[in-house]
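Student: Give the three-dimensional model of this entry:
(2 chains)
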Number of protein chains: 2
Amino acid sequence: MRCCVIGGAGFLGSHLVSALRSTGRDVLVIGRSDRDAVALPPGVAYLQGDIQNRVFIGGALQGVDELVDLAYSSVPKTSFENPVQDIVDNLPGSVALFDVASGLNLRKMVFVSSGGTVYGEALQLPVAETHPTNPISPYGITKLALEKYAQVYHRMRQLPVLCVRPSNPYGERQKPYVGQGFIATAMASMLSGQEIRVFGQQGTVRDYIYVEDVAQALVCALDQGLPGESYNIGSSIGRSNLEVLNEISRVALASGIQPKIMHVEPRSFDVAANILDVEKLRLLCGWQPKTGFAEGIARTWAWYGRNRGRP
Amino acid sequence: MRCCVIGGAGFLGSHLVSALRSTGRDVLVIGRSDRDAVALPPGVAYLQGDIQNRVFIGGALQGVDELVDLAYSSVPKTSFENPVQDIVDNLPGSVALFDVASGLNLRKMVFVSSGGTVYGEALQLPVAETHPTNPISPYGITKLALEKYAQVYHRMRQLPVLCVRPSNPYGERQKPYVGQGFIATAMASMLSGQEIRVFGQQGTVRDYIYVEDVAQALVCALDQGLPGESYNIGSSIGRSNLEVLNEISRVALASGIQPKIMHVEPRSFDVAANILDVEKLRLLCGWQPKTGFAEGIARTWAWYGRNRGRP
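Tutor: This next block holds a predicted model:
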């Protein structure tokens, strides 16, 4: 079984690649950067190229059985700064990919959407997949639009594609200071003696999930997910920024580091709370997160410590 | 009060311009074509230009109080043929327009979406605004995405924008043979002796509404619609293609024309039935359609007859 992961050299992608390798799959990673190849585990093929280039992507996908698309050029914060760029960089390429993929004989395709942004303000918590989708960021809109394209390509072209909606993954190798990834930024800030900004008194409440658990959920979705469907991936536990910082402080203090916290005004583009209901995926394949928060934080802290806050 | 209608030289736009003029508004139309200007009523200003050009659009909108965006380069059929083109031609320009409009001091903006495509397969009929939105065409996806951008610009930039979702308008000046507008194509076909294709035994069931009633609904939405909201516009009556053809045949036979009907296989990208619930708009401003179907068909037939099927 040959599985291609587009964006597989990134944070989530690299953990997914390891999880796929451990199931015995051949793995091909497609990425934009030449340098990405170095971070991959042994035995993983790497191709550099632009998925908007149909000739390249059509050739690269020959002989591929499974496809996971988690390449994305924006995060919610940058999508506000330039919503048109977010459209131009993400929609045409991913739609062209659905189109090319529809002409192949794929066993399964997974599009990685965003459980943290497609729903918008939660009407009730935790949020199930049937909750209305009213994103409050341009990033959430393009992710949602791509889910709709996935449904259309499934319906019209029989593409065996499904969508997953991870909440807030954290763990080793997540980049700090890129406008998402609170835990990565908090740890890197602590290690370099910088203040950590919390928006409001408690900060926002998010559903943090250890990245290896997300990778396992993606493998489950690839194995058993039903085409045309969407599946939440999360811990189903809400934690405020302050609760997260308390947990990180336990390990930081043990390393002799005292976090500095600065409270600033809440941002209008943050939803107050996001917690995902993951019953649908659990019922499908028995998946549930295995890594407790304290353990995940300890592992992540150890990694940032080894990498001195500069992954 | 100065109202700008982008796409105001098209079918729906030209009727809207007349309705706006009759309320005493100054009207400015922006369109892409040089030739469009000829079809406009006296006293309406016309500017030719590309809304993707921010300098042009920023200048054109100076002094404008109200804005209606109904420019669109695709219809559902063409969006299937080239979904990437549908994205590139429609999303960046309309999002840039929301962005520019957010910096003006507008009283109200209306984005014209699509009640016939944003919902997808109806779970129940008639379809209210709260119905899930699962478009089955790329066209429906880009319309839905633009509604979501409207909501984000309303929330983040206080743009006083609302969305309307018309069902299937018909009436004078609608273009036949462009992949939407069954009534226009049927009448033009009858007048030129061509067969009319019906997909399946009865064809699809649609909510046809006379274009002048849609124009009145747009004026109501502009006057009283609440920013951030979406409003259906329709007749709330479902008619199959065959019922529509029976109604047209009554007027056609009186002109000595016998329609020729050809039944072909149903198309997978048509939803079986779409009928809109329009209580929300009626409760807002008392609007309801005034023109009965027989009367609307008679007026439209008379116009096509005068124009010999070639508007």
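Student: okay, how far is it across stretch A:165-184, tip to tip?
Tutor: In stretch A:165-184, first residue to last residue: 20 Å (CA to CA, to the nearest Å).
Student: Contacts (any at all) between chain B and that stretch?
Tutor: No. Stretch A:165-184 lies out of reach of chain B by CB under 8 Å from any CB of the partner chain, never closer than 15.3 Å. From N, CA and C alone the C-beta is placed, and that goes for glycine too.
Student: pLDDT weak spots in the stretch 51-200 of chain A?
Tutor: Across the stretch 51-200 of chain A, nothing is flagged by pLDDT under 70.
Student: who in it is up against chain B?
Tutor: When proximity is defined as CB under 8 Å from any CB, the stretch 51-200 of chain A approaches chain B at A:80, A:83-84, A:87-88, A:91-92, A:95-96, A:99, A:132-138, A:140-142, A:144-145, A:148-149, A:151-152, A:155-156.
Student: For PyMOL, write the select line for the buried members of those.
Tutor: Applying 16 or more other CB atoms under 10 Å in any protein chain shown to those, the buried members can be selected in PyMOL as follows:
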select buried, chain A and resi 80+83+84+87+88+91+92+95+96+99+133+134+135+136+137+138+140+141+142+144+145+148+149+151+152+155
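Student: what comes into contact with the host helix or strand of A:Arg299?
Tutor: Secondary-structure element containing A:Arg299, defined by DSSP states H and E: helix A:293-306. Applying CB atoms under 8 Å, 6 or more residues apart in numbering or on different chains, the set of residues contacting helix A:293-306 from outside is A:170-174, A:183-184, A:187-188, A:191, A:208, A:210, A:235, A:237, A:239, A:247-248, A:250-252, A:255, A:291, A:311.
Student: just stretch A:236-247 next, same as before
Tutor: Identification of contacts with stretch A:236-247 by CB under 8 Å, 6+ apart yields A:125-126, A:182-183, A:186, A:196, A:198-199, A:201-208, A:259, A:261, A:273-278, A:293-294, A:297.
Student: What ranges does chain A have for its strands?
Tutor: A:2-6, A:26-31, A:45-48, A:66-69, A:108-112, A:161-166, A:168-170, A:195-199, A:205-206, A:208-210, A:230-233, A:239-240, A:260-264 (DSSP state E).
Student: Which positions within stretch A:270-289 qualify as buried?
Tutor: Buried, per 16+ other CB under 10 Å, within stretch A:270-289: A:270-271, A:273-278, A:280-282, A:284-285, A:287, A:289.
Student: on that earlier part again, turn the strands of chain A into CSV, columns for distance to B:Ala215 and mean neighbour count.
Tutor: Shown next, in CSV, are the strands of chain A (distance: least, CB to CB, whole Å; neighbours: other CB atoms under 10 Å in any protein chain shown):
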stretch, distance to B:Ala215, mean neighbour count
strand A:2-6, 46, 25
strand A:26-31, 50, 24
strand A:45-48, 54, 16
strand A:66-69, 43, 26
strand A:108-112, 40, 24
strand A:161-166, 39, 26
strand A:168-170, 47, 24
strand A:195-199, 45, 17
strand A:205-206, 46, 23
strand A:208-210, 51, 25
strand A:230-233, 38, 26
strand A:239-240, 50, 20
strand A:260-264, 48, 12
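Student: still on that earlier bit, quick one: buried residues of the helix holding A:Arg299?
Tutor: When burial is assessed from 16+ other CB under 10 Å, helix A:293-306 yields the following buried residues: A:Phe293, A:Gly296, A:Ile297, A:Ala298, A:Arg299, A:Thr300, A:Trp301, A:Tyr304, A:Gly305.
Student: Reformat those residues as CSV; add pLDDT and distance to B:Leu47.
Tutor: Shown next, in CSV, are the buried residues of helix A:293-306 (pLDDT from 0 to 100; distance: CB to CB, whole Å):
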residue, pLDDT, distance to B:Leu47
A:Phe293, 98, 58
A:Gly296, 98, 58
A:Ile297, 98, 59
A:Ala298, 97, 63
A:Arg299, 97, 61
A:Thr300, 97, 56
A:Trp301, 96, 60
A:Tyr304, 92, 56
A:Gly305, 89, 62
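Student: Which two among those are spaced furthest apart?
Tutor: With distances taken as CB to CB, the most widely separated pair in those is A:Phe293 and A:Gly305, at 18.1 Å.
Student: re earlier: out of the contacts of helix A:293-306, which are inside helices?
Tutor: When helices are assigned by DSSP state H, the members of the contacts of helix A:293-306 inside them are A:Ile183, A:Ala184, A:Met187, A:Ala188, A:Leu191, A:Glu247, A:Ile248, A:Arg250, A:Val251, A:Ala252.
Student: which residues touch the residue lying closest to the last one once chain neighbours are set aside?
Tutor: Computed as CB to CB, 6 or more residues apart in numbering or on different chains, the closest residue to A:Ala252 that is not its neighbour in sequence is A:Met190, at 5.3 Å. Neighbour list for A:Met190: A:Ile196, A:Ile248, A:Ala252, A:Ile257, A:Pro259, A:Gly309 [criterion: CB under 8 Å, 6+ apart].
Student: Quick one: neighbours of the second one, just the number.
Tutor: Spelled out, that is A:Ile248. Other residues near A:Ile248 number 23, with proximity taken as other CB atoms under 10 Å in any protein chain shown.
Student: Per-residue confidence, it, what does it come out as?
Tutor: The predicted structure scores A:Ile248 at 97 on the pLDDT scale.
Student: if we can go back for a sec, from the contacts of helix A:293-306, which would you call buried?
Tutor: Among those, those scoring as buried are A:170-174, A:183-184, A:187-188, A:191, A:208, A:210, A:235, A:237, A:239, A:247-248, A:251-252, A:291, A:311 (criterion: 16+ other CB under 10 Å).
Student: near chain B, which residues of the stretch 201-311 of chain A show up?
Tutor: A:Ser268, A:Phe269.
Student: Tell me where the model's unsure across the stretch 201-311 of chain A.
Tutor: By pLDDT under 70, the low-scoring segments of the stretch 201-311 of chain A are A:308-311.
Student: Please tell me how far the residue in chain A sticking out farthest from the centre sits from A:Ser249.
Tutor: With distances taken as CA atoms, centre = their mean, the residue sitting farthest from the centre of chain A turns out to be A:Gly256, at 31.5 Å. From A:Gly256 across to A:Ser249, the span is 12 Å (CB to CB, to the nearest Å).
Student: do A:Val29 as well
Tutor: Here the criterion is CB to CB. By it, A:Val29 lies 36 Å from A:Ser249.
Student: A:Ala294 too?
Tutor: Where A:Ser249 is concerned, A:Ala294 sits at a distance of 12 Å (CB to CB).
Student: Likewise for A:Asp270?
Tutor: The value you get for A:Asp270 to A:Ser249, if CB to CB is used, is 22 Å.
Student: now swap in A:Asp99 and tell me
Tutor: Computed with CB to CB, the distance linking A:Asp99 and A:Ser249 is 49 Å.
Student: Could you do A:Gly93 as well?
Tutor: Computed as CB to CB, the A:Gly93 to A:Ser249 distance reads 41 Å.
Student: what about these two, which has more around it?
Tutor: Neighbour count, other CB under 10 Å: between A:Gly93 and A:Ser249, A:Gly93 has more, with 21 against 17.
Student: can you give me the helices in the stretch 51-200 of chain A?
Tutor: Secondary structure of the stretch 51-200 of chain A (DSSP state H, counting those that start in this stretch): helices located at A:54-60, A:76-81, A:83-102, A:138-157, A:182-191.
Student: Indicate which one of those is closest to B:Val75.
Tutor: helix A:138-157 (15.5 Å).
Student: Who are the packing partners of the closest one?
Tutor: In terms of contacts (3 or more CB pairs under 8 Å, 6 or more residues apart in numbering or on different chains; DSSP states H and E), helix A:138-157 is packed against helix A:76-81, helix A:83-102, strand A:108-112, strand A:161-166, helix B:138-157.
Student: Kindly present the strands of chain A as CSV, with separate columns for distance to B:Gln224.
Tutor: Converted to CSV, these look like this (distance: least, CB to CB, whole Å):
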stretch, distance to B:Gln224
strand A:2-6, 47
strand A:26-31, 51
strand A:45-48, 55
strand A:66-69, 44
strand A:108-112, 40
strand A:161-166, 37
strand A:168-170, 41
strand A:195-199, 36
strand A:205-206, 37
strand A:208-210, 44
strand A:230-233, 36
strand A:239-240, 41
strand A:260-264, 39
